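1. the amino acid sequence is not available; the structure is as follows:
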């Protein structure tokens, strides 16, 4: 029953976010001509500052850079990525639904009740740690997305709900995601206003907010329990990004957390858990969420 309720919430939330993305991208496409004109104006100003012939500068922008097509392609990409994320979540929910059956199978599979209890205890610990991480990260991502929305609403940047939703999703990608979540709305403000001042304001405000949440709130929320090597996190992002695209980048850190937690409970594989850590200590996510 719990898995069914979770599935309903996931589907309802997914439908809401999907509808939001579609409506915002469609609205953005309607204003593409305005943004294209501002882009050409910016190109003209840059050409003037650099002393470049305007005929070779901003007029060529519209020939090689069609914002309408870019926005449409971006919307299709977001829809595909979101569909894959929802599919992954649904598979995960069905996997959790099989948990009680696995507990029944373990004694028969291992042929030893004591070993089965040890495995069940380790599995429960791993599941609790993963749940804590995912819940904490989701809460922090929601706070990041809402803060992004508020800042963009206050500065009158168009499509604040879209940028807030993207900030929520991108916050699951370490370092790179936060950078993109700041860069995209900042660059868009340049297209909207046609001047550099809003860009600097947004980079400062959004960047400060991301730094505060990522470097101050998140460590105090999870502590150093998320003990992963920064270098190996980047390797994981690259690897899973190459295999599954953006979905792989979203799943890279959870997969590392899962691998580290599993290995530290399996005799003979503790070394791998220590290798994945930043200081050679086992991960122990605080159960406070």
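-> Happy to help now that I have it. What you see is a predicted model, and the numbers here were worked out from it, not measured in a lab. Residues are numbered from 1 along each chain as shown.
2. show residues contacting stretch 170-178.
-> By C-beta atoms under 8 Å, 6 or more residues apart in numbering, the list of residues contacting stretch 170-178 from outside reads 137, 140-141, 144-145, 169, 180-181, 210, 214, 233-234, 237, 249-250, 252-253. For glycine as for every other residue, the C-beta is placed from the backbone atoms N, C-alpha and C.
3. just the ones of those residues in strands?
-> Using DSSP state E, no member of the contacts of stretch 170-178 falls within strands.
4. now a PyMOL select for only the buried ones of these.
-> To isolate the buried members of those in PyMOL, using 16 or more other C-beta atoms under 10 Å:
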select buried, resi 137+140+141+144+145+169+181+210+214+233+237+249+250+252+253
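5. what about the contacts of stretch 170-178, which are in helices?
-> Mapping the contacts of stretch 170-178 onto helices (DSSP state H) picks out 137, 140-141, 144-145, 169, 180-181, 210, 233-234, 237, 249-250, 252-253.
6. max pairwise distance over those residues: which two?
-> Within the ones in helices among the contacts of stretch 170-178, 145 and 234 form the most distant pair, 23.6 Å apart (C-beta to C-beta).
7. what mean pLDDT does stretch 227-245 have?
-> For stretch 227-245, the mean pLDDT works out to 81.
8. and it, which residues are buried?
-> Across stretch 227-245, burial judged by 16+ other C-beta under 10 Å covers 227-229, 232-233, 236-237, 240-241, 244.
9. between these, which sits nearest residue 120?
-> Residue 120 lies nearest to residue 227 out of the buried residues of stretch 227-245, by C-beta to C-beta, at 24.7 Å.
10. name the SS class of that closest one, please.
-> coil (DSSP: H, G, I helix; E, B strand; the rest coil).
11. ranges for the helices of the chain?
-> Going by DSSP H, the chain shows helices at 2-30, 32-50, 61-64, 67-97, 99-110, 113-154, 160-170, 176-193, 197-212, 218-222, 230-244, 246-263, 270-276.
12. now do the buried residues in the second one.
-> By neighbour count, and taking 16+ other C-beta under 10 Å as the criterion, the buried residues in helix 32-50 are 32, 35-36, 38-40, 42-44, 47.
13. so what does that helix touch, helix or strand wise?
-> Helices and strands touching helix 32-50, by 3 or more C-beta pairs under 8 Å, 6 or more residues apart in numbering; DSSP states H and E, are helix 61-64, helix 67-97, helix 176-193.
14. tell me, which of these is the model least confident about?
-> Taking the mean pLDDT of the helices and strands packed on helix 32-50, helix 61-64 comes last: a mean of 60.
15. run a quick neighbour tally on residue 151.
-> Other residues near residue 151 come to 21 when the count uses other C-beta atoms under 10 Å.
16. check contacts around it.
-> 202, 205-206, 209.
17. check residue 91 too.
-> Counting by C-beta under 8 Å, 6+ apart, residue 91 has no contacts.
18. please report how far it lies from residue 78.
-> 21 Å (C-beta to C-beta, to the nearest Å).
19. then residue 203?
-> Distance of residue 203 to residue 78, computed by C-beta to C-beta: 23 Å.
20. more neighbours, these two?
-> residue 78 (21 against 16).
21. state the distance from the residue nearest to that one when sequence neighbours are not counted to residue 71.
-> Leaving aside its chain neighbours, residue 78 sits nearest to residue 21 (5.4 Å; criterion: C-beta to C-beta, 6 or more residues apart in numbering). Per C-beta to C-beta, residue 21 is found 12 Å from residue 71.
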